[in-house]
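[1] Structure here, sequence nowhere to be found:
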């Protein structure tokens, strides 16, 4: 299955840095590098050097013009990331130098790597299964502690071991059933149907636990969706800016971090929250049944956590009606009633809103976004909600849509097995459904894969990985 | 002089990449890393490993929670970039991981490196002189082949060897003069004043050659300044966009290259050109002596290359006057007369402008920026001008303002030596001026340096270098 072309790419972040790293992988990685590398120790070539060693020297072009002083890291098959020979060239971080070295490598026979091609080779060479390969991309993209931890667990084979357990059980199952088929008309029953039913149900439970964890896993990976619902002047933007700004101060400790692409995402205590665009909703009597409130319901549907904001400084005739309407939609959510502007409101109004809030059964927090009062309590509510949301007692949490879909299909096939068993259908039909289930499970780890599936997975990787 | 603190920094470009590299340098680099690194080979520590080796394993926090799988590159003093023990940790390129590892290192006793601190240590530990250290920053910033080549030459000690030659000659000189002083009133003359005058003049010639090269070196480093002078509708913007766009297509071959900060800079055949903002200048009879034309003169002064553009499709009553006025200011420049819009102009007009252009003595090019006619000729003119501009027969070209100023001051001191010799002044005055010259030369290589000078130099480095 190995592709013997030697590939190369810049593996460090694009742009100028102190240093940059260019990586080659393939059977000719060492010999191609030897053509452009002049070791400091005269008379040496990389070809004769041991694996896992470092070599100082310079890269020169074919006219012997110096391009840069570099350090070469040498890895040899099969003890490398890809399972092939790997050369890593660490050069000065100028774009010009990175480009020039890449050019020299391609002139000497290396191919520019496609996105994720190093990881794809690691998969094809059996260094990791497909779900582990996918975890590499998730790991690189992880921007919170929780997402990082899920990706790392998956990369370490967390999901693989669960699937192996499932597959082993199912293989035992189908072997026995298929053994019966070999005996044709003899009507033997090696596999106790009761035990099989039990096994199917246990397996379905496990699949169901995994697919249930996807809602959490997906939220962790992309940020737990939070909706802030309330009137237009209630202070939603002030609160959001406050939360995001506090987070930004933390993030900007790292040089070069940009928040451009994660404008409404923030990380608190390692958990990422994603704020759903929450345009103001007027909660007056006239419109409480109107488009505005319907829009609020829709946002609530998309969210896992809902913050219902009330303004203690403003008129609140319809607050009871507003809260009653909303409450029906919050039953499966982690919700809190946030009474804002307590610093400029009359105490009587604050108290009244507090009891209205508490009457809903949801926690009620008294804050001032403008004066930064009790924002810690709000953060704590978000954190606690996230931890409760986690809920799942599975060690493995699904974060990948592809895995989720495969598990769903595997589950459907098993459901057919279950009802087949209950209806006493013949072994060959049972076997067919179990084989289908095994197929979908195999797709997750890549034991069963097509070029199309692989293409779709790796095209989303960055180049150089 | 060594600072025994151990420093750490992310050395690759800021942002997310396939991989990133965190670098430690200092006496505790290995022991600090050992606290967070679990090698795959059980029972091993980096402490007992050989220099220039690679080690696969994982980074964990104090609760033994996995942070990432990493590869460690181990370098030992004095055979490293800084001359100290260096550990390079290559991890997955997520910002979260980079930040977390950096945090673990600082928790275990490493200090965050200041800008350029690795290179500063290399200088302080005698791994390179100051001008070589400065070249490291230039090398990383180099965005054209020519700038890259100058920086590389300087990093390899190009300027140092010239200065060593100078200093040696001057030291011989001053030793003889100071020997005379030891003999007090005996009126001996060990140093032939004629030979000394000759030596001073030769040295001044060498300094002058180097300082002359700064104009070129600086232009190469920052882009050779080009002014396009002409009427507002003559097609300057079209031409500029065309030139920049062609270049942009080349640059954008590298992923992640952004041109934001180099809007009016382009690289042709490895040489960088920088276009001076050239607002339109009306060259009519009414204004030919006015503010417009004075502004043009000012731009011409700043430029090394001047393109005087004429519009062959428009009325050109005052072209002769315009060209005559300009010509006087172009004598020390590489200038060309560019007749634009030849595709939509009458042939008679094109011919007439061509002979007017040629009458100035400068090359005259017939082009159409709109229809991309003869743009190659224009590029060739820019390239040829750049090569002629180079001119200097010195192997070493000054690119650094600090070096330029030190050479200028060294030259001034030597001029006093020369006139002192001509006026037969006493040896102690001669010696004083020579010592001053030696001081300024020493500042370039860092043989003489203050914390303030070092601070000013290294603060402009990136962190991690």
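    Nice, thanks for sending it over. Owing to the predicted nature of the structure, the values given are computational and were not obtained by experimental measurement.

[2] what's the spacing between whichever helix in chain A runs longest and its chain's center?
    Determined from DSSP state H, the single longest helix within chain A is helix A:193-222. Chain-centre distance of helix A:193-222: 19 Å, with Cα atoms, centre = their mean, to the nearest Å.

[3] repeat for stretch A:382-396
    Counting by Cα atoms, centre = their mean, stretch A:382-396 comes out at 16 Å from the chain centroid.

[4] about what we covered before: check whether the longest helix of chain A comes into contact with chain B.
    No. Figure legend: helix A:193-222 not in contact with chain B (Cβ under 8 Å from any Cβ of the partner chain); closest approach 12.6 Å. To be clear about C-beta, it is placed using only N, CA and C from the backbone, and glycine gets the same treatment.

[5] same for the next helix or strand after that helix, what does it pack against?
    Toward the C-terminus, helix A:193-222 is succeeded by strand A:224-230 as the next helix or strand (DSSP states H and E). Here strand A:224-230 touches helix A:236-251, strand A:271-275, helix A:291-302, strand A:305-311, helix A:375-390, going by 3 or more Cβ pairs under 8 Å, 6 or more residues apart in numbering or on different chains; DSSP states H and E.

[6] most tightly surrounded among these?
    strand A:305-311 (a mean of 25; mean count of other Cβ atoms under 10 Å in any protein chain shown).

[7] okay, now the closest residue to chain B within the stretch 351-465 of chain A: neighbour count?
    Chain B sits closest to residue A:465 of the stretch 351-465 of chain A, with a gap of 3.4 Å, by Cβ to the nearest Cβ. Residues near residue A:465, counting by other Cβ atoms under 10 Å in any protein chain shown, number 27.

[8] How about stretch A:450-462 and chain B, any contact?
    Yes. Counting by Cβ under 8 Å from any Cβ, chain B is contacted by stretch A:450-462 at residue A:462.

[9] got a list of contacts for that stretch?
    A:114-117, A:119-120, A:123, A:130, A:133-134, A:136-137, A:140, A:402, A:443, B:16-18, B:93 (Cβ atoms under 8 Å, 6 or more residues apart in numbering or on different chains).

[10] before we move on, what about stretch A:203-219?
    A:150, A:162, A:165-166, A:169-170, A:225, A:304, A:389-394, A:396-401, A:403-404, A:407-408, A:410-411, A:414-415, A:418.

[11] about what we covered before: and the longest helix of chain A, average pLDDT?
    Confidence for helix A:193-222, expressed as mean pLDDT, is 88.

[12] Which positions in that helix come out as buried?
    For helix A:193-222, the neighbour count (16 or more other Cβ atoms under 10 Å in any protein chain shown) marks A:196, A:199-200, A:203-204, A:206-207, A:209-211, A:213-221 as buried.

[13] same check, this time on stretch A:328-343
    Using 16+ other Cβ under 10 Å as the test for burial, stretch A:328-343 gives A:329-330, A:333-343.

[14] Could you point out which residue ranges in the stretch 1-150 of chain A have low pLDDT?
    Along the stretch 1-150 of chain A, segments meeting pLDDT under 70 span A:1-4.

[15] mind checking the SS state of the closest residue to chain B within it?
    Per Cβ to the nearest Cβ, residue A:14 is where the stretch 1-150 of chain A lies closest to chain B, at 2.2 Å. The three-state label given to residue A:14 by DSSP: H, G, I helix; E, B strand; the rest coil is coil.
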